[in-house]
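> with the input below, show me the fold.
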Amino acid sequence: MLSAAISQYVYITINEAFRPRIILKYSKLEDVERWEQIQHPIFREALRLTGVMGPYLEIVSLSDIPAGTGLGSSGSFTTALLRALHTMKRNFVPPQELAEQACHIEIDLLHEPVGKQDQYIAAFGGITCFDFQPDDRVVAEPLKIASEALANLEDGLLLFFTGASRSAAEVLRDQDTRTRENASDMLENLHFTKRLGHESRDALVAGDLRKFAELMHVHWEHKKKRSPGISSSFIDEMYELARSHGALGGKLIGAGGGGFLLLYTEDKTRLRSAMRAAGLREVRLKFDFSGTSVLAHS
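Predicted coordinates:
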C-alpha cells in the first residue's frame, strides 16, 4: 500500500590497462577474474544480464541506510546497479524496462519471495500508483496531487528507526507459508489491503491527508494479522506511544519485523519529542521525483 526506496549509489571504474579483474566493494570485498566467480548473486546476475565483463572492472556500492530495514534496499540496489551498468555501455533503458530487469533478477533468477513495488518505485520515483495486473504487467501512473497537499504530506511524514533489522525474505516466506495453509483468511486480508490502496489513492488525490493517515493505521492493524513476525512488543509499544503523542496514523515500512516506523502527524514537535525520549532516531525524508538516475559519467 505504501512503498519507500532508499538512496543507493553505485560507482563503476573500468581500465583496460590492468590484468583481467572484477573488484566489488560493498559490505564485503570480492576480487575475482571472471563474473561466474562472483559470490554476490545480484552483482553476478546484473553483470551477466547487461553483458558487462571487464576486462578490469571495479564497482563500489554505498547506501544511506543499511539493509534489512524495510526501505527497499535490495530493489533499490538492483535498479541502481543496472542503471550504472547500462550507462557504462551507453545504453538508455526507460524506467519500465529497468524495473522489469530488476524484478527478473530478484524474482525469476534468484527466486526471492518479493514483490515488484520496490524495483518500480526506485525506477520511477515520485508519488506513483502501480497497477499490478494478472498477466504480470505493471502500469505506472503518477498521482495528480495538488501542490499544497503534496507539501503538507511531505512535511507531516516522520520516519523513525526502531533499532532493529531483519531478513525480509524470512518474514515473507512465513507469510507465503501461512497463505498456503490458510488461504481463505490470508486472501481476504490481502483483498482488504488492495481496497485500502484504492482508498488511499483517492484520499491523496482529494488532498484529504487525515483520511490517508487513518487508512495507514487501518492497514497496519490488518497487516499485523498476517504473521506474528511482522511486529513485536517493542514496535507495538512505540506505535502506541506515537499515537498518543500526535500521530494520526502510521505503519512499519516493508515486510515487517523491524526497521522504520513511518508516521503522519500535524504536531511534529510533540511527536518528535516523544519518540526521541523513547530512544528512537529520526531520519529526515524528502520526496524524490527523478527515480534511479545518473549523477555523473564520462
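
> isn't residue 65 right up against residue 73?
Yes - under the contact definition of CB atoms under 8 Å, residue 65 touches residue 73, with a separation of 6.6 Å. No exception for glycine: its C-beta is placed from N, CA and C like everyone else's.

> more crowded one of these two?
The neighbour comparison of residue 65 against residue 73 (other CB atoms under 10 Å) goes to residue 73, with 24 against 21.

> report pLDDT for that one.
Residue 73 carries a pLDDT value of 85.

> would you mind measuring from it to residue 62?
Computed as CB to CB, to the nearest Å, the residue 73 to residue 62 distance reads 12 Å.

> roughly how far apart are the residue nearest the centre of the chain and residue 135?
Centroid-nearest residue in the chain: residue 72, 2.2 Å away (criterion: CA atoms, centre = their mean). Distance, residue 72 to residue 135, using CB to CB: 24 Å.

> cool, and residue 144?
As judged by CB to CB, residue 144 and residue 135 stand 26 Å apart.

> who has more neighbours, these two?
Shown here are residue 144 and residue 135; by other CB under 10 Å, residue 144 has more neighbours (9 against 4).

> would you map the strands across the stretch 51-200 of the chain?
56-63, 128-132, 138-142, 157-161 (DSSP state E, counting those that start in this stretch).

> quick one: secondary structure of the residue nearest to residue 278 when sequence neighbours are not counted?
Residue nearest to residue 278 in three dimensions, not counting chain neighbours: residue 241, with 5.9 Å by CB to CB, 6 or more residues apart in numbering. Put simply, residue 241 is helix when judged by DSSP: H, G, I helix; E, B strand; the rest coil.

> and what of the one 4 residues further on?
Look at residue 245: counting by three-state DSSP, its state is coil.

> that one touches residue 269, doesn't it?
No - Residue 245 lies out of contact with residue 269 (CB under 8 Å); the separation is 10.1 Å.

> have a look at the two and say which one is more surrounded.
A count of neighbours by other CB under 10 Å puts residue 245 above the other of residue 245 and residue 269, at 18 against 9.

> the helices in the chain, which residues?
Assigned by DSSP state H, the helices in the chain fall at 41-50, 73-88, 95-103, 117-124, 147-156, 168-181, 183-206, 209-223, 233-243, 268-277.
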